[in-house]
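Enquirer: Provided below are the primary sequence and the corresponding predicted coordinates.
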Amino acid sequence: MIDSLQSLRFIFAIMIFLHHYPVNGEGFFYAGGSCGVAFFMILSGFVMSAGYSEKVIQPNFQRKSYFLKRLIRLYPLHLLCLLGFISIHVLHYGILDYIKLLPNIFLIQSWIPVNSIYFSGNAVSWCLSDMLFFYAMFPILINFLHSDKKKLKYWLYITILFYLLFMILIPKSYCHALLYISPVFRLVDFFIGMLTYKFYQKLVETKFAERIKTFPFITKSIIEVVVILVLIIAIMIVPHIELRYYAAFLWWLVIPGLIVLFALFGKSGGVLSQLLNMKYLVFLGGFSFSFYMIHQLAIIILQAIFHKLNLEVMWQLEMLVVFILVLFASYLVYSYYEIPITKYLKRKLLWAK
């Protein structure tokens, strides 16, 4: 992956962490959840297109191996976090609670529009349920992108019209379960990521990427700052608009441009590109998935420990300590579980074939 995008993964994972960190009963960073989730879904479509678009259209493409590889990437860490969740709730859970965990075990929880089900277990794993659907749909969507251009435009217009009508007309009580959680509606984010990569590819083919790199350093820095300011404006808007608009739609107007810009600049951009290409930030981006998966569980456990020890400290200091501990735990999980188990399963399930 392009280094600057890898670094952005870590930054948006922090946004989600801040969204889930409770201060006076509410998440500290209101917009961080929807913004972070949209970024990861759109980036996933972008990255999958970069890595698999040419392979998928080949006649010898093996769908089983492809999907198994994606499952191996997600499921072991999901299972570890689910077991961690059960271990801290085992004394308080009844039969009904364990029944609600069944969809979570099989990563189908986001298909059931009931809050206590799609947020069951390690709540953030609902996103993996969506991702598995995206991966299953990816070969179909790639072939769709390679179809007749007129047909493609027709279906794109229909999809946009349907989504906008649904977004406006859906009752408020269903907005979260459908527009924010549902794999069918969030597939649009993933597909936008695929279209973003297609646009990026065209810019590279027309040599625009090379031309933009010749801009003066100050010009490139100004462009980067403007794009970040647009993101900040969107973040500031979120508390003042309904969920139906910021569940996904608002971020489609911002995040694709952010991804394309930093992908085009690479290591030859302005001041923000230089920061995003710092090796330490790129390194942190490498285990952003582990960070995302364990952070909410870790927040609950660490805050419970602080409460039991009667540690009375400023919430800002507590949040910083929790963040550092989650970061360290994420690195350990990534290094000593995620990488080894992924390599082992690939060797046993894929290479054996």
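Expert: Sure thing, it's come through.

Enquirer: drop to CA atoms for contacts and neighbour counts, all remaining ones
Expert: Fine.

Enquirer: quick one: pLDDT of Phe46?
Expert: Note on Phe46: pLDDT of 97.

Enquirer: was I right about it contacting Tyr200?
Expert: No - counting by CA atoms under 8 Å, Phe46 sits too far from Tyr200 to count as a contact (9.3 Å).

Enquirer: Report the buried residues of stretch 234-242.
Expert: Neighbour counts using 16 or more other CA atoms under 10 Å place Ala234, Ile235, Val238 of stretch 234-242 among the buried residues.

Enquirer: contacting residues around the second one?
Expert: Residues in contact with Ile235 (CA atoms under 8 Å, 6 or more residues apart in numbering) are Ala31, Gly32, Cys35.

Enquirer: do the first one as well
Expert: Contact analysis of Ala234 by CA under 8 Å, 6+ apart lists Leu250, Trp251, Val254.

Enquirer: Could you do the last one as well?
Expert: Val238 makes contact with Tyr30, Ala31, Tyr246 under the criterion CA under 8 Å, 6+ apart.

Enquirer: Quick check: phi and psi at the first one.
Expert: Which is Tyr30. The phi and psi values for Tyr30, taken as degrees, to the nearest 10, are phi -60, psi -50.

Enquirer: wait, which of the contacts of Val238 is closest to Gln316?
Expert: Minimum distance to Gln316 across the contacts of Val238 is 16.3 Å, recorded for Tyr30 (CA to CA).

Enquirer: If we ignore the residues flanking it in sequence, what's nearest the closest one?
Expert: His19 (5.6 Å; CA to CA, 6 or more residues apart in numbering).

Enquirer: one step back: make CSV from the contacts of Ile235 and add distance to Glu205 and secondary structure to it.
Expert: As requested, those are exported to CSV (distance: CA to CA, whole Å; DSSP: H, G, I helix; E, B strand; the rest coil):
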residue, distance to Glu205, secondary structure
Ala31, 36, coil
Gly32, 34, helix
Cys35, 30, helix
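
Enquirer: most neighbours, which of the residues you listed?
Expert: Neighbour counts for the contacts of Ile235 (other CA atoms under 10 Å) peak at Cys35, which has 27 neighbours.

Enquirer: how about the nearest residue to that residue, chain neighbours excluded?
Expert: Trp251 (6.5 Å).

Enquirer: Show me what the host helix or strand of the one you found is packed up against.
Expert: Element membership for Trp251 (DSSP states H and E) is helix 249-252. In this structure, helix 249-252 makes packing contacts with helix 32-56, judged by 3 or more CA pairs under 8 Å, 6 or more residues apart in numbering; DSSP states H and E.

Enquirer: next helix or strand past the helix it packs on?
Expert: Later in the chain than helix 32-56, the nearest helix or strand by DSSP H and E is helix 63-89.

Enquirer: got a list of what Leu272 touches?
Expert: For Leu272, the contacting residues are Ser221, Glu224, Val225, by CA under 8 Å, 6+ apart.

Enquirer: Now do the contacts for the second one.
Expert: For Glu224, the set of contacting residues under the criterion of CA under 8 Å, 6+ apart consists of Leu261, Gly270, Leu272, Ser273.

Enquirer: Let me know the secondary structure of it.
Expert: With DSSP: H, G, I helix; E, B strand; the rest coil as the basis, Glu224 sits in helix.

Enquirer: separation between it and Leu275?
Expert: 12 Å (CA to CA, to the nearest Å).

Enquirer: Distance from stretch 79-97 to the middle of the chain?
Expert: 25 Å (CA atoms, centre = their mean, to the nearest Å).
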